[in-house]
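Here is a sequence with its predicted model. Questions after.
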Amino acid sequence: AGALTLPTLLSACGGPGGDGKTVTMGSNASDKVPREAYAESFEAYEKKSGKTVKVNTVNHESFQENINRYLKGSPDDVFTWFAGYRMQFFAEQGLLTDISDVWKGLDGFSDAMKKQSTGEDGKQYFIPFYVYPWAVFYRKSVFDKYGYEIPKTFDDYRALAKKMDKDGLIPIAFGDKDGWPAMGTFDYLNMRANGYDYHLGLMRGEESWTSKRTRDVFDLWRGLMPYHDEGANGRTWQEAAQTLAKKKSGMAVFGLPHPGQQFPEDERDDLDFFPFPEIDPAIGTDAVEAPIDGFLMSKKAKNDEAAKDLLKFLATPKAEQTYLAHDPSNIAVHEKADTADYDPLQKKAAELIGGAKDISQFMDRDTRPDFASTVMITAIQRFINKPDDIDGLVRDIEAQKKEIFGAD
């Protein structure tokens, strides 16, 4: 399916309902690689079951920004979404179907995966499909050419960026036109400076944006701003990743799929990454940003039985392996998935996630969807434009947080 506008999706979804043979699927996989990979997985299900999966693909950002209206309107039976708090939020709103009965027949998922798929009421709503880490990506050939070393600390990282600048490179590729990519940098700065628990508390509205600890995160970021590619608010993440592919930039903070999907296939082995560097030795680098993507079943699903049958298939190693064969930029979550064909980058990503003490889901998944979309997208883009106005920025964020979370 091609990328459609959201109004088209809303009119199309819910399509042939109640016939028992067709399941409608709302998908945010508008980029070519994941869209085609999902298509292969859905086709495998169709061959196995004799049922039809009618896919309605929507531009990724439009899907995320309009998800509330989508779920309250005429949603598809099943749709792509994210684990953790952002799933729990919609479960609490009564917009999702409890699929605990599906989970009773599943195996091969860790307790951590089940926890990320469980709502605050203890019921399961989510089927995890793949996971990927965020890290600092670079080209090995560029590091070899200039003799760069992997930075272990934040001071090393900043010194490397300064050296790259002198060498005529864009030190840190950066594009935030879509509003969410820069969130990954904030998340890592906060987790490295203040720890995972503080970061999660800040995302849940329990910590103050005007506290010194939070202001210090923006101050650390401000010190890096001269080494970020200018004009980030007018540049997509794809454009930023392409500068890495073309050897015009030295580094970029991305999730594993992002640079990989922009690299020519025969140059993928030149792509590598390192963990976001340490800021406080007492905290270290044990926290990893590793979002889990998967599927939810809407409360208004017209084909409950067929939708749950599809979800059972998507929770199998075969479904994940079929997807990953066409999109090697992610990591399987099923413990029985065959990883023998992982490339070196996937193996390294799996090791990074496997060695993590704490795993975050990304800012727009760890906080309320309305806070992420109406407050933080604008706030971070404002910071990118005016990094010196930290006090005014955090005061405004805190005020809006209190309105949304109802915090004291």
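Thanks, I have it.

Tell me, how many residues neighbour residue 127?
Residue 127: 28 surrounding residues under other C-beta atoms under 10 Å. To be clear about C-beta, it is placed using only N, CA and C from the backbone, and glycine gets the same treatment.

and it, that one's in a helix?
No - using DSSP: H, G, I helix; E, B strand; the rest coil, the assignment for residue 127 is strand, not a helix.

My read is that it contacts residue 310, right?
No - counting by C-beta atoms under 8 Å, residue 127 stays clear of residue 310, with 9.4 Å between them.

residue boundaries of the helices in the stretch 51-200 of the chain?
For the stretch 51-200 of the chain, applying DSSP state H, counting those that start in this stretch gives helices covering 60-65, 67-72, 85-92, 100-103, 111-116, 140-146, 154-166, 183-194, 196-203.

what do you get for the stretch 251-400 of the chain?
Going by DSSP H, counting those that start in this stretch, the stretch 251-400 of the chain shows helices at 257-260, 304-314, 317-326, 344-354, 363-366, 369-371, 377-385, 390-405.

among the ones you listed, which is nearest residue 38?
Residue 38 lies closest to helix 317-326 among the helices of the stretch 251-400 of the chain, at 6.6 Å (C-beta to C-beta).

which residues sit against that closest one?
33, 36-38, 40-41, 44-45, 108, 129-130, 313, 330, 332-334, 336-338, 341 (C-beta atoms under 8 Å, 6 or more residues apart in numbering).

Quick check on these: which are buried?
33, 37-38, 41, 44-45, 129-130, 313, 330, 332-334, 337 (16 or more other C-beta atoms under 10 Å).

which two in these are spaced the farthest apart?
33 and 313 (21.4 Å).

Poorly predicted segments of the stretch 301-408 of the chain, please.
407-408 (pLDDT under 70).

Looking at the helices of the stretch 51-200 of the chain, which is nearest to residue 364?
From the helices of the stretch 51-200 of the chain, taking C-beta to C-beta, the stretch that ends up closest is helix 183-194, at 6.1 Å.

could I get that closest one in PDB with only the CA atoms?
C-alpha atoms of helix 183-194 as PDB (Å, rounded to 0.1, in the frame of the first residue of the first chain):
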ATOM      1  CA  MET A 183      14.200  13.900  21.300                       C
ATOM      2  CA  GLY A 184      16.800  11.000  21.200                       C
ATOM      3  CA  THR A 185      19.600  13.400  22.000                       C
ATOM      4  CA  PHE A 186      17.800  14.900  24.900                       C
ATOM      5  CA  ASP A 187      16.900  11.500  26.300                       C
ATOM      6  CA  TYR A 188      20.500  10.300  26.300                       C
ATOM      7  CA  LEU A 189      21.800  13.600  27.700                       C
ATOM      8  CA  ASN A 190      19.300  13.300  30.600                       C
ATOM      9  CA  MET A 191      19.900   9.600  31.300                       C
ATOM     10  CA  ARG A 192      23.700  10.100  31.200                       C
ATOM     11  CA  ALA A 193      23.600  13.200  33.400                       C
ATOM     12  CA  ASN A 194      20.700  12.300  35.800                       C
END
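
Contacts for that helix next, please.
134, 154, 198-199, 202, 213-214, 216-217, 220-221, 253-255, 276-280, 283, 285, 287, 289, 358, 360, 362-364, 366, 372, 376, 380.

tell me the angle it makes with helix 154-166.
Relative orientation of helix 183-194 versus helix 154-166 (axes from the mean of the first three to the mean of the last three C-alpha atoms, to 10 degrees): 140 degrees.

now helix 183-194 and helix 377-385, what's the angle there?
80 degrees.

what is the mean pLDDT for helix 183-194?
For helix 183-194, mean pLDDT rounds to 98.

oh, and call the first residue 58 from now on, that's how I've got it
Yes, from this point I'll number from 58; that puts the last item at helix 240-251.

ok, back up a step: restricted to strands, list the contacts of helix 374-383.
Per DSSP state E, strands hold the following members of the contacts of helix 374-383: 186, 187, 389.

Out of those, the closest to residue 306 would be?
So of the ones in strands among the contacts of helix 374-383, ranked by how close each gets to residue 306 (C-beta to C-beta), first place is residue 187, at 26.6 Å.

residues in contact with the closest one?
Residue 187 neighbours (C-beta under 8 Å, 6+ apart): 349, 350, 351, 377, 380, 381, 387, 388, 389, 390.
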